[in-house]
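Engineer: Here's a sequence, model it:
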Amino acid sequence: MVPASSSDGLPDAPTAADIRRWRRYLADERAEGAVYRQLAVRRSGEEREILLGLAEAEKRHEQHWIDLLGEQVGRPMRADPRTRFLGVLARWFGSVFVLALAQRTESRSPYSDDPDATSGMAADEQVHEEVVRSLAERGRMRLSGSFRAAVFGANDGLVSNLSLILGVGASGVAPHVILLTGIAGLLAGALSMGAGEYVSVRSQRELLDASTPNPAIGRILPDLDVNGNELALLYRARGMSEDESIRHAAEVLSGTVPETRPVGVAGHDAVGTGWGAALASFCFFASGAIIPVLPYAFGMTGWAAVALAAALVGVALLGTGAVVGLLSGASPLRRALRQLAIGFGAAAVTYLLGLLFGTALG
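Structural biologist: From the prediction side, this is the model:
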């Protein structure tokens, strides 16, 4: 694209604002390309090739702004803080968190509203967002088992034990009773969460095992007194269409293709292991539940202990909410504030109930 022309047919000279904007775009494209190259260093195979392909696409966008700037390219500018932060994370971690943030960066491309960017560049950025979303989804699937238990365990520990401590404290009991209640809530909740997560994951894996086709079917087919129509019923039960199942049955019986297991049965990797999920749930529930107990463990009492416990839990809730927001590709701030509001809302209700019961019993 070239700058717009004036009434005499000659191209308008770019304004100082145009040059600053183009140079900022150029810096951002260079930084984004560097992020993808840094991520590619920590990947292999197909994911590495995809990331290097994205970096190459960013170089095409770089060249567009270089051509527009001409001799006014000047010294390289610094990219925006978000992209620089992505670069730091990519160098040190190279994790799904970086991909989730990169997804949000691609989704905020200003090219669709900028007359100096081509329509092809705007379309590229939308495709890049989907590519990064798919790569991030692979990482989310790898984390989904134990990470789910960890996040929910920590959040439950924070909210339930803060609520328990505030509710008991509001009834007017002695500080040492509040401390003992908090410790008991920590142990009981962590053990319960760990046991429940183990049973949940084991049950899910057993359901998957029960849904997995018998691998011996392929070996015994030549010995069965079975015709194509009956074998086609098996494939129809597995999800094939009628025509497809008849065709596949004929191919299997003729030896043209081997009997294969159907695609679509969920793998165990996305579920995680029972012990891994249980341990993660136990540890993270305990790590969350210990936070509201700390002020009382160090001898604090009264409103000072309540305020500090609430502040510590609030910071932790903001952290877990932000992490969930990052991994889901949503706004970390919005998810953090939602987590804080839910947690403090539950604690406030429990505190009010404690006041009510304390007044009634008193």
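
Engineer: May I have the predicted confidence score for the residue nearest to residue 175 when sequence neighbours are not counted?
Structural biologist: Excluding its sequence neighbours, the residue lying closest to residue 175 (C-beta to C-beta, 6 or more residues apart in numbering) is residue 301, at 4.4 Å. Heads up, the C-betas are built off the backbone N, CA and C, glycines and all. Looking at residue 301, its pLDDT stands at 86.

Engineer: One more: residue 327?
Structural biologist: Reported pLDDT for residue 327: 65.

Engineer: sorry, back to before: residue 186 versus the residue nearest to residue 175, what's the distance?
Structural biologist: Distance, residue 301 to residue 186, using C-beta to C-beta, to the nearest Å: 19 Å.

Engineer: Who has more neighbours out of these two?
Structural biologist: Of the pair residue 301 and residue 186, residue 186 is the one with more neighbours under other C-beta atoms under 10 Å, namely 23 against 15.

Engineer: Shouldn't the more buried one be within a strand?
Structural biologist: No: counting by DSSP: H, G, I helix; E, B strand; the rest coil, residue 186 is not part of a strand but helix.

Engineer: residues touching it, list them.
Structural biologist: Neighbour list for residue 186: 157, 161, 285, 286, 289, 290, 293 [criterion: C-beta atoms under 8 Å, 6 or more residues apart in numbering].

Engineer: Report the two of the residues you listed separated the most.
Structural biologist: Spatial extent of the contacts of residue 186 (C-beta to C-beta) is set by the pair 285 and 293 at 12.8 Å.

Engineer: follow-up on the earlier one: let me see the backbone angles for the residue nearest to residue 175.
Structural biologist: Phi and psi for residue 301, reported as degrees, to the nearest 10, are phi -140, psi 170.

Engineer: between residue 285 and residue 293, which one's more packed in?
Structural biologist: Neighbours per residue (other C-beta under 10 Å) separate residue 285 from residue 293, with residue 285 holding more: 30 against 24.

Engineer: so which strand or helix has the more buried one?
Structural biologist: Here residue 285 sits within helix 274-289, counting by DSSP states H and E.

Engineer: which other residues reach the helix or strand just after that helix?
Structural biologist: Next along the chain after helix 274-289, taking DSSP H and E as the criterion, comes helix 294-297. Around helix 294-297, the neighbours that count as contacts under C-beta under 8 Å, 6+ apart are 165, 175, 178, 179, 182, 304, 305, 306, 308, 309, 312.

Engineer: Would you mind checking the average pLDDT for stretch 129-143?
Structural biologist: Mean pLDDT, stretch 129-143: 73.

Engineer: Equivalent analysis for stretch 351-362, please.
Structural biologist: 69.

Engineer: hang on, the earlier thing: contact partners of the helix holding residue 285?
Structural biologist: 145-158, 160-161, 182, 185-187, 189-191, 193-202, 205, 316.

Engineer: Filter those down to the buried ones.
Structural biologist: 145-158, 160-161, 182, 185-186, 189-190, 193-194, 197-198, 200-202, 316 (16 or more other C-beta atoms under 10 Å).

Engineer: Just those residues: which are in helices?
Structural biologist: Among the buried ones among the contacts of helix 274-289, the ones falling in helices (DSSP state H) are 145-158, 160-161, 182, 185-186, 189-190, 193-194, 197-198, 200-202, 316.
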